[in-house]
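A.B. asks: just the structure for this:
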Amino acid sequence: MKKLLLPLLFLFLFLLESMFVQYAPPKVFGHDYILVPHFLFAGILFLTIYAGRKYGIIYGAIFGLLFDIVWIEIIGIYFFLFPFVAYLISKIMHVLQTNIIVAFLISLVGIALLELGVYEMDFLIHITTLEFMSFLKMRLYPSLLLNAVFLVIVSYPFKRQFEKFAESIRDE
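C.D. replies: Okay, here's the model as predicted:
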């Protein structure tokens with residue numbers, strides 16, 4: 001049962017993102033902001049921080065591929081970026097202390113790196129014509145704010161869950 005809990009949690013976060021996108025209003029505070037929830041990726045980053053690089057990269061690759069198959073026309077953007085950013089975050093965390101505030105801030109950095117990577121790839125292959133400053137104002141900043149609110153709510157439960165997961169792995 002414990003081995004099923006982690007994939008079910010990530011599957012729930014994947015579905016929660018989908019429901020949020022479906023029910024989020026198109027105009028936020030009278031502006032055309034693009035709110036992109038990265039609840040799943042935030043969970044993967046917390047897994048990377050508290051349970052280790054190996055699990056973050058594995059779950060990042062699996063759910064990145066699932067994300068590409070379900071939502072994106074091009075297979076590979078999230079399949080590459082989820083594990084890559086998880087790897088970068090794991091390297092950064094070797095230098096920093098692993099406390100919940102640092103994990104919160106580093107997760108926001110990881111989400112920003114993911115958003116920037118997706119924007120750059122989309123811009124390079126001409127999927128988007130959005131200028132960089134417009135991207136920052138319309139998509140990156142509102143998305144970071146949304147994900148920061150989400151992380152404030154779930155950081156402590158994520159930390160406890162992934163620490164328990166890491167402890168159960170060490171005990172086996």
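
A.B. asks: can I assume residue 60 is in contact with residue 82?
C.D. replies: Yes - using C-beta atoms under 8 Å, residue 60 makes contact with residue 82 at a distance of 3.6 Å. For glycine as for every other residue, the C-beta is placed from the backbone atoms N, C-alpha and C.

A.B. asks: which residues are in contact with each of the two?
C.D. replies: Common neighbours of residue 60 and residue 82, counting by C-beta atoms under 8 Å, 6 or more residues apart in numbering, are 41, 44.

A.B. asks: helices of the chain, start to end?
C.D. replies: For the chain, applying DSSP state H gives helices covering 2-23, 39-51, 53-71, 77-95, 100-124, 132-135, 141-171.

A.B. asks: would you list these in JSON lines and tack on mean pLDDT and mean neighbour count?
C.D. replies: Converted to JSON lines, the helices of the chain look like this (pLDDT from 0 to 100; neighbours: other C-beta atoms under 10 Å):
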{"stretch": "helix 2-23", "mean pLDDT": "90", "mean neighbour count": "13"}
{"stretch": "helix 39-51", "mean pLDDT": "97", "mean neighbour count": "26"}
{"stretch": "helix 53-71", "mean pLDDT": "95", "mean neighbour count": "19"}
{"stretch": "helix 77-95", "mean pLDDT": "96", "mean neighbour count": "19"}
{"stretch": "helix 100-124", "mean pLDDT": "95", "mean neighbour count": "18"}
{"stretch": "helix 132-135", "mean pLDDT": "93", "mean neighbour count": "12"}
{"stretch": "helix 141-171", "mean pLDDT": "93", "mean neighbour count": "15"}
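
A.B. asks: a markdown table please, covering those helices and showing distance to residue 31.
C.D. replies: Formatted as a markdown table, those follow (distance: least, C-beta to C-beta, whole Å):
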| stretch | distance to residue 31 |
| --- | --- |
| helix 2-23 | 17 |
| helix 39-51 | 22 |
| helix 53-71 | 24 |
| helix 77-95 | 27 |
| helix 100-124 | 18 |
| helix 132-135 | 12 |
| helix 141-171 | 9 |
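
A.B. asks: residue 33: which of those helices is closest?
C.D. replies: Among the helices of the chain, helix 141-171 comes nearest to residue 33, with 4.1 Å by C-beta to C-beta.

A.B. asks: out of the helices of the chain, which gets nearest to residue 30?
C.D. replies: Each of the helices of the chain has some distance to residue 30 by C-beta to C-beta; the shortest is helix 141-171, at 12.9 Å.

A.B. asks: now do that closest one and helix 53-71, the angle between them.
C.D. replies: Using axes from the mean of the first three to the mean of the last three C-alpha atoms, to 10 degrees, the direction of helix 141-171 lies 130 degrees away from that of helix 53-71.

A.B. asks: tell me which strands and helices helix 141-171 is in contact with?
C.D. replies: helix 2-23, helix 39-51, helix 100-124 (3 or more C-beta pairs under 8 Å, 6 or more residues apart in numbering; DSSP states H and E).
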